[in-house]
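K.L.:
Return a 3D structure for these sequence lines:
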Amino acid sequence: MENRVRVRFAPSPTGPLHIGGVRTALYNYLFAKQNDGDFLLRIEDTDQTRFVEGAEEYIIESFKWLGLQFDEGVGIGGPYGPYKQSERKPLYKDYALELINKGKAYYAFDTAEELAAKRTQAEAEKKTFQYDCKTRMSLKNSLSLPADEVKQLLDSGIPYVIRFKFEEGETIEFDDLIRGHIKMESSLLDDKVLYKSDGMPTYHLANIVDDHLMRITHVIRGEEWLPSCPLHVSLYRAFGWESDMPQFAHLPLILKPDGKGKLSKRDGDRLGFPVFPLEWHDPKSQEISSGYRESGYLPQAVVNMLALLGWNDGTEQEIFSLDELVKKFSIERISKHGAKFDMEKAKWFNHQYLQQVDDDVLAQEYFKELQQKGISTSYQTVMQVVSLIKERCSFAKELWQNSDYFFVRPAEYAEKALKKRWKEGTSQVMKTISGHLHNIEDNDWAQKAEDFLMDYIQKNELNMGQIMNCLRLSVVGDTKGPNMLDIMQVLGKDEILYRLDTAIEKINL
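P.N.:
Model (predicted):
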């Protein structure tokens, strides 16, 4: 096999892309880029019964948003196309027949009803039915039937499947880059279907043939495929491709937040977080599932968060650019154990990346949002507000809830804060303060007003917390927000005093 590293991400277009799949693609991407290799996108659509309209386009759009670029594949092209398995259909049968000719596979004519009856019978006997080296000679296939009968069945067009033939008493061994050396006894394995009666290959055959023809050097995929790996290794050997067989690495699962089982869409629905990169509109049920993009996550934050779900570089570092991840990633540091999804940690990552977004970029979007709300303000004011509020937000959509008071005067005042801060006689004190603030000259008013307040409170032995919080209550409607001097500088003298005098009047009623 050529020395150049070649990996593939090969999803099935059966619905939206789970973040577990995104992480698999990410690890493939990082490994390929670190080794100056190729990252392929192959669509595995051999199961036409599960095909979902729009799923393929969704997959491609997801990776565009995440900034993970494929070097070749569906929608890109390349020297080993086509990259969609349904467009490669004619070649799979030839490979299935090659295995039959080598004695490594066989025709099976059993109907679905006959196999169902076998399973029912086994269940009644408290056993599990498996089509394998122990049972196949009692079933309807080209190993158990006379050659002339097999020929007659084939000539008459009776539906059949082609199954792989595991030899009895063999030990199948291979190395996994994450899990080490693995052994499996062939007698425990069922003779999987490789070629279906509808003329389409199963995942197992198409996957091995395509990986071989596309010169894939490393197969990095989820651990759910680990039980199938002995079959895949056996297929490489049956074809005589063992020297070109890729190295395998089976990734741990992304677990539910409580660690009990694989993370599912139901967990996201129940706990209120997305499990898909983009919002998904199911064409059949019309159900809408939330996506990271539409929930306000930045793509860099999602990539960083997923990279650390099952891998770390051995240090305390948590924030990595994509370039840093490429440099530091190693399969050796991927955990063997599942990684619990942490919704709060996902928000934390987004908060970190939001702080890196230029204020001007956020201000432009926020300015549009304010215009849509019918709020008239200057772009300069929006820039000032964004610079003050950004650190309090994990998402850009939180700017409004953290800064609405800069643009809308308070209609009411937080009841708990009023009870705690606005004592008897407070209104009179605030009136006195207002009078002094009115008399301060406009030039550099906010700084002079703050200096006056500090001095006035100290000289009159007033409670600093109570007075400043009452001023904040009057201006904001609550005790939240950045430094009061910053608020005064943004709103200006006239607006501050209007709000203060209005609050004194309303609260005094």
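
K.L.:
Only C-alpha atoms from now on, for both contacts and neighbour counts.
P.N.:
OK.

K.L.:
And the longest helix anywhere in the chain, what does it pack against?
P.N.:
When the chain is parsed with DSSP state H, its longest helix is helix 484-507. Packed against helix 484-507 by the contact rule (3 or more Cα pairs under 8 Å, 6 or more residues apart in numbering; DSSP states H and E) you find helix 379-389, helix 426-439, helix 445-459, helix 464-476.

K.L.:
Just tell me which of the ones you listed ends up closest to Met245.
P.N.:
helix 379-389 (54.5 Å; Cα to Cα).

K.L.:
Any chance you could list what contacts that closest one?
P.N.:
The contact list for helix 379-389 (Cα atoms under 8 Å, 6 or more residues apart in numbering) reads 359-360, 362-364, 366-367, 399, 402-403, 406, 481-482, 486, 490.

K.L.:
Buried deepest among the helices and strands packed on helix 484-507, which one?
P.N.:
Ranked by mean neighbour count under mean count of other Cα atoms under 10 Å, the helices and strands packed on helix 484-507 are led by helix 464-476, which reaches a mean of 22.

K.L.:
So which elements touch that helix?
P.N.:
Partner elements for helix 464-476 (3+ Cα pairs under 8 Å, 6+ apart): helix 415-421, helix 445-459, helix 484-507.

K.L.:
quick one, what contacts the closest residue to Thr217 other than its chain neighbours?
P.N.:
Excluding the flanking residues, the one nearest Thr217 by Cα to Cα, 6 or more residues apart in numbering is Pro246, at 4.4 Å. By Cα under 8 Å, 6+ apart, Pro246 lies in contact with Ile216, Thr217, His218, Val219.

K.L.:
mind listing what's buried in the longest helix of the chain?
P.N.:
Within helix 484-507, the residues that count as buried by 16 or more other Cα atoms under 10 Å are 484, 486-488, 490-491, 493, 496-497, 499-504.

K.L.:
what do you get for stretch 346-364?
P.N.:
Buried residues in stretch 346-364, counted by 16+ other Cα under 10 Å: 346-355, 359-360, 362-363.

K.L.:
Stretch 129-141 too?
P.N.:
Phe129, Gln130, Tyr131, Asp132, Cys133, Arg136, Leu139, Lys140, Asn141.

K.L.:
Export the residues you listed to a markdown table and append columns for pLDDT, secondary structure and distance to Gly157.
P.N.:
Below are the buried residues of stretch 129-141 laid out as a markdown table (pLDDT from 0 to 100; DSSP: H, G, I helix; E, B strand; the rest coil; distance: Cα to Cα, whole Å):
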| residue | pLDDT | secondary structure | distance to Gly157 |
| --- | --- | --- | --- |
| Phe129 | 96 | coil | 27 |
| Gln130 | 96 | coil | 26 |
| Tyr131 | 98 | coil | 23 |
| Asp132 | 97 | coil | 25 |
| Cys133 | 96 | coil | 26 |
| Arg136 | 97 | helix | 22 |
| Leu139 | 98 | coil | 19 |
| Lys140 | 98 | coil | 15 |
| Asn141 | 98 | strand | 15 |
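
K.L.:
re the thing from before, the contacts of helix 379-389 in helices, which ones?
P.N.:
Using DSSP H, the contacts of helix 379-389 in helices are Asp359, Asp360, Leu362, Ala363, Gln364, Tyr366, Phe367, Leu399, Asn402, Ser403, Asp486, Val490.

K.L.:
Now for those residues: which two are most distant?
P.N.:
The most distant members of the ones in helices among the contacts of helix 379-389, if one measures by Cα to Cα, are Gln364 and Asp486, lying 20.9 Å apart.

K.L.:
about what we covered before: export the contacts of Pro246 to a markdown table and tack on pLDDT and secondary structure?
P.N.:
As requested, the contacts of Pro246 are exported to a markdown table (pLDDT from 0 to 100; DSSP: H, G, I helix; E, B strand; the rest coil):
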| residue | pLDDT | secondary structure |
| --- | --- | --- |
| Ile216 | 98 | coil |
| Thr217 | 98 | coil |
| His218 | 98 | strand |
| Val219 | 98 | strand |
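
K.L.:
Tell me the one of those residues nearest Glu125?
P.N.:
Looking across the contacts of Pro246 and measuring by Cα to Cα, the closest to Glu125 is Val219, at 39.7 Å.

K.L.:
Name the nearest residue to the closest one, ignoring sequence neighbours.
P.N.:
Among residues not flanking Val219 along the chain, Phe248 sits closest, at 4.9 Å (Cα to Cα, 6+ apart).

K.L.:
What is the burial count for that neighbour?
P.N.:
When counting by other Cα atoms under 10 Å, one arrives at 20 neighbours for Phe248.

K.L.:
Need phi/psi at it.
P.N.:
Dihedral pair for Phe248: phi -110, psi 140, per degrees, to the nearest 10.

K.L.:
List the contacts of it.
P.N.:
By Cα under 8 Å, 6+ apart, Phe248 lies in contact with Asp175, Asp176, Leu177, His218, Val219, Ile220.

K.L.:
just the buried members of those residues?
P.N.:
By 16+ other Cα under 10 Å, the contacts of Phe248 give Asp176, Leu177, His218, Val219, Ile220 as buried.

K.L.:
In three-state terms, label the residue lying closest to the second one once chain neighbours are set aside for me.
P.N.:
Okay, so that is Leu177. In space, and not counting its chain neighbours, Leu177 is closest to Ala249: 4.9 Å by Cα to Cα, 6+ apart. Following DSSP: H, G, I helix; E, B strand; the rest coil, we place Ala249 in the strand state.

K.L.:
Return the distance of Ala249 relative to Phe276.
P.N.:
Between Ala249 and Phe276 the distance is 23 Å, computed by Cα to Cα, to the nearest Å.

K.L.:
Distance from stretch 77-85 to the middle of the chain?
P.N.:
Distance of stretch 77-85 from its chain centroid, counting by Cα atoms, centre = their mean, to the nearest Å, is 26 Å.

K.L.:
Now do that stretch: everything it contacts.
P.N.:
Contacts for stretch 77-85 (Cα under 8 Å, 6+ apart): 41-46, 72-74, 88, 206, 213-214.

K.L.:
Got a quick PyMOL command for the buried subset of those residues?
P.N.:
Remark: buried members of the contacts of stretch 77-85, expressed as a PyMOL selection using 16+ other Cα under 10 Å:
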select buried, resi 41+42+43+44+45+46+72+73+74+206+214
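
K.L.:
From the contacts of stretch 77-85, which land in strands?
P.N.:
Judged by DSSP state E, the contacts of stretch 77-85 include Leu41, Glu72, Gly73 as members of strands.

K.L.:
can you pull the buried residues of the helix or strand bottoming out on mean pLDDT in the chain?
P.N.:
Here the helix or strand of the chain ranked lowest by mean pLDDT, DSSP states H and E is helix 265-271, holding a mean of 90. Neighbour counts over helix 265-271 (16+ other Cα under 10 Å) mark Gly268 as buried.

K.L.:
how's the protein carved up into domains?
P.N.:
Domain segmentation of the chain under automatic domain parsing yields 6-76+207-255, 90-195, 265-354, 357-406, 415-507.

K.L.:
most packed of the ones you listed?
P.N.:
Mean neighbour counts for these (mean count of other Cα under 10 Å) peak at domain 6-76+207-255, with a mean of 19.

K.L.:
Give me the next element, helix or strand, following the helix or strand harbouring Ala117.
P.N.:
Assigned by DSSP states H and E, Ala117 falls within helix 112-124. Of the helices and strands lying after helix 112-124 in sequence (DSSP H and E), the nearest is helix 147-155.

K.L.:
which stretches of the stretch 251-400 of the chain form helices?
P.N.:
265-271, 299-307, 322-328, 343-356, 359-372, 379-389, 399-403 (DSSP state H, counting those that start in this stretch).

K.L.:
how about the buried residues of stretch 346-364, which pair is most distant?
P.N.:
Maximum pairwise distance in the buried residues of stretch 346-364, criterion Cα to Cα, is 24.5 Å, between Ala346 and Asp360.
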